[in-house]
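K.L.:
Here you go, sequence then predicted model.
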Amino acid sequence: MKNVLNLFCALSLMMSASAFSQQKDSVKVDVKAKKDTVNTAKPKDKKPEKIQPFEKVITNKAVSDEGIITVHKVEDKYYFEIPDKTLKKEFLVVTRLTKAGAEMRMGTVGYAGDQISQNVISFEKGPNDKVFLRSISYLDYAKDSTSAMYKTVMRNNVNSIEQAFDIKAFGKEKNSTVIDVTDFINADNDVVSFDTRFKKGFRVGAFQKDKSFVNFVKSFPTNIEINTTKTYNRSAGEALPIPGAPKPEVSGNYTVEVNSSIILLPENKMQARYFDPRVGYFTVGYTDFDENPQGVERVSLVKRWRLEPKAKDLEKYKRGELVEPEKPIVFYIDPLTPKKWIPYLIQGVNDWQKAFEKAGFKNAIYAKVPNAKEDPEWSLEDARFSAIVYKPSDVPNASGPSIADPRTGEILESHINWYHNVMKLLNDWYFVQASPNDPRARKVDFDDELMGQLIRFVSSHEVGHTLGLRHNFGSSSTVPVENLRNKAWLKANGHTPSIMDYARFNYVAQPEDNVGEAGLMPRIGDYDDWAIEWGYRRFYNYNSPEKEKAHLNKWVMEKLQNPRLWFGTETNPYDPRSQSEQVGDNPMIAGKYGVKNLQRIMENIETWSTKPNEDYSSLNNRFTQVSGQFARYLGHVSKYIGGVKETPKMVEQKGAIYELVSKSEQKEALKFLSENVFTTPNWLLKTSVLNKIDKSPVEVVENLQKTVFNRVLSEGVLNKLYEGESLDANAYAVYDYLQDIKNSVFSELKSSSKIDIYRRNLQKNFVETLIARTQASKPSTGRNAENVSDNSDVKSLTRGVLREIKADASKNAQNAQDAVTKYHLEDLVYRIDKALEVK
């Protein structure tokens, strides 16, 4: 038994050893097998190469479009093939709405054609097989690339990388780079979508990528057009433009169609021209660290189109012969524009041709309707084409923006916004300013020919903006008022030297003057011709803006000997020569004639402002226009009080830049106000009209009077008068002015006369306005901010005048002829006591 047991144990040990041996061998085999498996699987598990052969990325399924950057569409992917020679070149990106979202419109925004972003970008190769898209800034500048200043400016102004793209392949010739731009263009970013500023204005919320897609990407010789449909949540946005308007609904989405134009900026830069404040142009600018060795200088360059003679005509141009430009300025008319207005829009553009002849170019600008045969590539969204864009909007307006090269000011394209309801504005203006002189305006709806001519005028004005011209609110003030009644003079010169003025129509002419349409409507005038000549005349003997500067300065000084070429700033709130809606060199005389015409309108307003089977809404509107026009005349006159004339000059010109309005002119202005608004304008209060339109005569008059007081007793005006005393011994002193206006407002107290309801309101508003001037000033900011110091005599004088009014009112209350007058005067005493009592 023992032997058997021993044998079993021996067999067991042998089996165990054998099993162990087999397990060990098995482990060896498994390890080897595993090793073999790893080795053979390695090529399969290896990540694909980041940069693939061109044919693997741009397959035979690709639809390619060659241009400045070739675009490839492979199924649902979009690729840019960027030539090496295009890297680091600068592109201007302009993004616009091509189809606006339902219920997106708000005021003047939210329409097809609206711009929603603008950037300058460049593509460059970076490390790790990347292509970077940089956003280019021109805020700071140093032109000498070899200088230390250039290096430090560049070091402190690194252009931001907005997007990084993996290089997918190199071109077939190895001189281009392929990147996938699908996710970039079908996205929400500042380059191909709304930038942050525009999002607020358009009330655009969060982007919804799953509801957005690319429509097409097209390439052209100098630009790429990217068209996408994008969906966003609605947003409440910021403050609504209409006080008391209901808060917009914020639920739901906006779906819009967006077009981004990526335009190659000119490599051969146009020679810039420095801004001159004596000629009104829009500008681009930067801070120059080179020009002034002892500091920095803000440089402003005017915006203008590149007009150059054809090479074969250059010598002719230099000799002063008229030549056609190499590339004229062409405006296309949106095909959706109502056809009957198209000829007038075209004429408004073509009217500028004569002005460009002053600069040496013929046929320099024109408008046309796009034609499929002549313009096969034309598209409203293509940034190579400028257009007048029709917008079915109830906004009564039009605007003429332009896109310019930030490096030189060269205007590259423009989309003029033409809102349908601008015709209501034209109807209102022409009726209230011209109907006494033009029978065609004496009805609710104008004939098409009259409306067409009005459209032509606005078209010319907006085109002027796209040519670089700013408003010239001072132009019409160079015309003697009496010339505005001279038919022959008006036919030769027009009622204002500039269509860029807001002179609108000649409201001074009287019916007996028979001036006709030529004497009523604005047209391109002497200043416009001069401004175009200054901006577009080429001086080939000066090859830099610095070198032509002295010549231009001398030229401007010679030209400004003609007062009709004066540019009046649109920004000075105290220069009475620079005012919108004003005509003539003396608003007091012009206003007198204007009021006569308004009185004629009021005598006939019911006949001229109603039509059968309609309610009185047109009458209501027309009355509002009359009272509004009257308010403009009062505003023109009010600006003379405390006025300061500003005439920009260079050091070579003699005389002061700032000049106080004379005391006699200010007293003339106060006399006009006293006779026309402090004295109740009963001609405006026609009972048969007011009781049809639910207008309160008391409220109508009070609003006019309060508006005048808010101007002529403002802190700014009183401060200007106060400062004027220290500059000129003959200035209109604050004390004298306050006494004069007090005596006009309270004339009844001299004779203890009865005071009617209109004058009682006038006196209360005068007292309340003076009381406000005695209070601590609320600090105001901005370029034209005017705060009266608590130590100024202005506050002392207003308190003194209030005490005088209190004394006179107390005395007269005792002798008042009626109870209402008595209580009114006692109330004034109470108000003054309450305001001046010691706290």
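P.N.:
On my side now, so go ahead. As the structure is a computational prediction, the values presented were derived from the model and not from experiment. Residues are numbered from 1 along each chain as shown.

K.L.:
Look at Ala359 and give its secondary structure.
P.N.:
coil (DSSP: H, G, I helix; E, B strand; the rest coil).

K.L.:
That one touches Tyr536, doesn't it?
P.N.:
Yes - when contacts are counted by Cβ atoms under 8 Å, Ala359 is listed as touching Tyr536 (3.9 Å). Bear in mind the C-beta positions are built from the backbone N, C-alpha and C, glycine included.

K.L.:
Comparing those two, which residue is more hemmed in?
P.N.:
Set side by side, Ala359 and Tyr536 show more neighbours around Tyr536, with 23 against 20, by other Cβ atoms under 10 Å.

K.L.:
pretty sure the more buried one is touching Arg306, no?
P.N.:
No - counting by Cβ under 8 Å, Tyr536 does not reach Arg306; the two are 9.6 Å apart.

K.L.:
Domain parsing of this protein, as residue ranges.
P.N.:
Here the domain assignment for the chain is 54-265, 274-504+515-568, based on automatic domain parsing.

K.L.:
Check those for me and report the most buried one.
P.N.:
Most buried of those by mean neighbour count (mean count of other Cβ atoms under 10 Å) is domain 274-504+515-568; its value is a mean of 19.

K.L.:
intersection of neighbour lists for Ala359 and Tyr536?
P.N.:
Shared contacts of Ala359 and Tyr536, defined by Cβ atoms under 8 Å, 6 or more residues apart in numbering, are found at Leu307.

K.L.:
Tell me where the stretch 601-750 of the chain has strands.
P.N.:
Secondary structure of the stretch 601-750 of the chain (DSSP state E, counting those that start in this stretch): strands located at 644-646, 658-660.

K.L.:
helices and strands of this structure: which one has the lowest mean pLDDT?
P.N.:
Least confident helix or strand, the chain: helix 2-45 with a mean of 40, by mean pLDDT, DSSP states H and E.

K.L.:
helices or strands next to the very next helix or strand once past that one in the packing?
P.N.:
Using DSSP states H and E, the next helix or strand after helix 2-45 towards the C-terminus is helix 54-57. Applying 3 or more Cβ pairs under 8 Å, 6 or more residues apart in numbering; DSSP states H and E, one finds that helix 54-57 makes contact with strand 161-170.

K.L.:
what angle separates the next helix-or-strand element following the strand it packs on from strand 161-170?
P.N.:
Using DSSP H and E, the helix or strand that follows strand 161-170 towards the C-terminus is strand 176-180. In terms of direction (axes from the mean of the first three to the mean of the last three Cα atoms, to 10 degrees), strand 176-180 departs from strand 161-170 by 110 degrees.

K.L.:
Let me know the pLDDT of Arg809.
P.N.:
Quick fix: residue 809 is Ala, not Arg. Model confidence at Ala809, given as pLDDT, is 96.

K.L.:
what sits against the closest residue to it other than its chain neighbours?
P.N.:
Closest residue to Ala809 apart from its sequence neighbours, by Cβ to Cβ, 6 or more residues apart in numbering: Leu825 at 4.2 Å. Shown here is Leu825, whose contacts under the criterion Cβ under 8 Å, 6+ apart are Ile755, Ala809, Ser810, Asn812, Ala813, Ala816.

K.L.:
ditto for Lys73
P.N.:
Listed by Cβ under 8 Å, 6+ apart, the contact set of Lys73 reads Ala62, Val63, Ser64, Asp65, Tyr79, Val217.

K.L.:
Please report how far it lies from Val181.
P.N.:
11 Å (Cβ to Cβ, to the nearest Å).

K.L.:
overlap in contacts of the two?
P.N.:
Counting by Cβ under 8 Å, 6+ apart, the residues touching both Lys73 and Val181 are Tyr79, Val217.

K.L.:
Tally up the residues packed near Asp833, please.
P.N.:
Neighbourhood size, Asp833 [other Cβ under 10 Å]: 11.

K.L.:
gap between it and Leu802?
P.N.:
For Asp833, the distance to Leu802 - Cβ to Cβ - is 10 Å.

K.L.:
got it, and Thr182?
P.N.:
Where Leu802 is concerned, Thr182 sits at a distance of 73 Å (Cβ to Cβ).

K.L.:
got it, and Gln599?
P.N.:
Distance from Gln599 to Leu802, counting by Cβ to Cβ: 36 Å.

K.L.:
So the two - more neighbours on which side?
P.N.:
Using other Cβ under 10 Å as the criterion, Gln599 and Leu802 rank with Leu802 on top: 23 against 15.

K.L.:
Could you report the pLDDT at the nearest residue to that one once chain neighbours are set aside?
P.N.:
Once flanking residues are discounted, Leu802 sits nearest to Ile832: 5.0 Å by Cβ to Cβ, 6+ apart. For Ile832, the model assigns a pLDDT of 96.

K.L.:
would you say Ile832 is within a helix?
P.N.:
Yes - with three-state DSSP as the criterion, Ile832 is part of a helix.

K.L.:
Lys806 is in contact with Lys834, isn't it?
P.N.:
No - if you go by Cβ under 8 Å, Lys806 and Lys834 don't touch, sitting 11.0 Å apart.

K.L.:
of the two, who's got more company?
P.N.:
Applying other Cβ under 10 Å to Lys806 and Lys834 shows that Lys806 carries more neighbours, namely 20 against 9.

K.L.:
Does that one lie in a helix or a strand, and which?
P.N.:
Lys806 is part of helix 793-814 when elements are defined by DSSP H and E.

K.L.:
any idea where the helices of the stretch 201-350 of the chain begin and end?
P.N.:
With DSSP state H, counting those that start in this stretch as the criterion, the stretch 201-350 of the chain has helices at 314-318, 342-350.

K.L.:
Including mean pLDDT and distance to Ile411, could these go into a markdown table?
P.N.:
Formatted as a markdown table, the helices of the stretch 201-350 of the chain follow (pLDDT from 0 to 100; distance: least, Cβ to Cβ, whole Å):
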| stretch | mean pLDDT | distance to Ile411 |
| --- | --- | --- |
| helix 314-318 | 97 | 20 |
| helix 342-350 | 97 | 15 |
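
K.L.:
could you dump those to TSV with distance to Ser726?
P.N.:
Converted to TSV, those look like this (distance: least, Cβ to Cβ, whole Å):
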stretch	distance to Ser726
helix 314-318	54
helix 342-350	49
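
K.L.:
Quick one, which of those gets closest to Gly474.
P.N.:
helix 342-350 (23.1 Å; Cβ to Cβ).

K.L.:
Report the spatially nearest residue to Ile706, omitting neighbours in sequence.
P.N.:
I think there's a mix-up here, since residue 706 is Lys and not Ile. In space, and not counting its chain neighbours, Lys706 is closest to Asn765: 5.3 Å by Cβ to Cβ, 6+ apart.

K.L.:
before we move on, what about Ser609?
P.N.:
Nearest non-adjacent residue to Ser609, counting by Cβ to Cβ, 6+ apart: Arg622, 3.9 Å away.

K.L.:
hang on, isn't Ser160 packed against Ser135?
P.N.:
Yes - in terms of Cβ under 8 Å, Ser160 counts as a neighbour of Ser135; the distance is 5.1 Å.

K.L.:
any idea which helix or strand carries Asn761?
P.N.:
helix 757-774.

K.L.:
residue contacts, Lys56?
P.N.:
Residues near Lys56 by Cβ under 8 Å, 6+ apart: Ala169.

K.L.:
next one: Met500
P.N.:
By Cβ under 8 Å, 6+ apart, Met500 lies in contact with Gly280, His461, Gly464, His465, Leu469, Arg470, His471, Asn472, Ser475, Tyr527, Asp528, Ala531.

K.L.:
what does Asn227 give?
P.N.:
By Cβ under 8 Å, 6+ apart, the residues touching Asn227 are Thr98, Val214, Asn215, Phe216, Val217, Lys218, Glu257, Val258, Asn259, Ser260, Glu381.

K.L.:
repeat for Thr707
P.N.:
Ala631, Leu634, Gly635.
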